[in-house]
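Novice: need a structure here:
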Amino acid sequence: MIAHGLRRAGAARPARRPRSRPHARSWSRFRPLSWLRSWPRLRHWRELQAPAGLAVLALLALPPVRGAMESGMASHMLLQFPLLVAAGAALAAACPAAWRAALARWNALGIAGLAASAGVLGLAMVPRLLDLALVDARVEVVKWLALAACGAALRLSWRAAGVVVQGFFLGNVLPMTAVAGMLYQDAPQRLCNGYRLDEQLLVGQALVWGALAVAAAWLVLAGWRLSRAPR
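Specialist: The predicted model follows:
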């Protein structure tokens with residue numbers, strides 16, 4: 001009877017569930033920076049991007065700021081240019097859905113937008129245009145509008161392009177940037193009359209290393225996205 005009672009007690013005892021170990025969780029559930037999505041202040045960040053872009057443009061347009069940035073070749077190409085592109089990308093957040101749908105019909109897979117952006121970025125590295133932007137207000141205005149439109153086109157085209165078209169775009173723009181940087185370094189004389197030879201050398205080195213850094217970063221991100229894609 002004692003043995004029978006022990007067997008009944010053992011049968012009635014619920015089975016223990018194995019404890020889950022934190023380090024045994026699947027890496028497929030890993031979401032980098034997923035905690036940012038739950039932060040209430042960042043939920044309305046998209047609504048603040050367009051005002052932020054306008055604020056950046058207004059700040060860059062101030063005569064003291066614009067004069068300081070265009071006084072050196074490095075600050076002109078490596079600081080003002082990226083800020084104008086970023087401001088244009090931020091302004092594209094305010095593009096209405098109807099406009100996005102209309103543009104998407106002319107921008108299948110983001111090809112048209114990325115092609116236009118590649119042309120703008122290539123022209124932005126021409127030394128003659130840098131000199132003209134310093135002395136001709138019309139060229140300066142066109143430069144601002146073109147770089148801001150380049151940022152907007154990149155934003156509206158990048159996600160639709162996909163990895164293949166993105167790789168084709170970067171495979172053309174980044175080597176072009178590196179070649180322009182090497183030409184800046186190897187030129188025995190100034191290519192821009194408004195800037196010194198040592199500034200030209202610095203910009204050339206920055207263009208080469210910047211192209212390499214962007215290529216490496218994109219390869220890492222593309223590999224990570226492809227590894228997470230369903231098979």
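
Novice: Show the average pLDDT along the host helix or strand of Leu83.
Specialist: Remark: Leu83 resides in helix 81-91, with elements defined by DSSP states H and E. Throughout helix 81-91, pLDDT has a mean value of 94.

Novice: chain center to it, what's the gap?
Specialist: 10 Å (C-alpha atoms, centre = their mean, to the nearest Å).

Novice: for stretch 219-231, same thing?
Specialist: Centroid separation between stretch 219-231 and its chain, computed with C-alpha atoms, centre = their mean, is 17 Å.

Novice: where do the helices sit along the chain?
Specialist: Using DSSP state H, the helices assigned to the chain run over residues 2-12, 40-43, 45-61, 63-69, 73-75, 81-91, 97-106, 111-124, 127-135, 137-186, 197-228.

Novice: Need the winner for burial among those.
Specialist: helix 81-91 (a mean of 21; mean count of other C-beta atoms under 10 Å). All C-beta spots, glycine's among them, are computed from the backbone N, C-alpha and C.

Novice: That one vs helix 127-135, what angle?
Specialist: Angle between the axes of helix 81-91 and helix 127-135 is 80 degrees (criterion: axes from the mean of the first three to the mean of the last three C-alpha atoms, to 10 degrees).

Novice: now what about helix 81-91, what contacts it?
Specialist: With contact meaning C-beta atoms under 8 Å, 6 or more residues apart in numbering, helix 81-91 is reached by 49-50, 52-54, 56-57, 60, 124, 144, 147-152, 154-155.

Novice: any low-confidence regions in this protein?
Specialist: 1-45, 231 (pLDDT under 70).

Novice: if you set the cut-off to 90 instead, what comes out?
Specialist: Where the chain drops to pLDDT under 90, the residues are 1-52, 93-110, 159-160, 162-163, 188, 192-194, 221-231.

Novice: Next one: the closest residue to Leu191 other than its chain neighbours from Glu199, what distance?
Specialist: Leaving out its chain neighbours, the residue that sits closest to Leu191 by C-beta to C-beta, 6 or more residues apart in numbering is Pro127, at 3.9 Å. As judged by C-beta to C-beta, to the nearest Å, Pro127 and Glu199 stand 12 Å apart.

Novice: next one: Met69
Specialist: 13 Å.

Novice: again, but for Gly171
Specialist: Distance from Gly171 to Glu199, by C-beta to C-beta: 29 Å.
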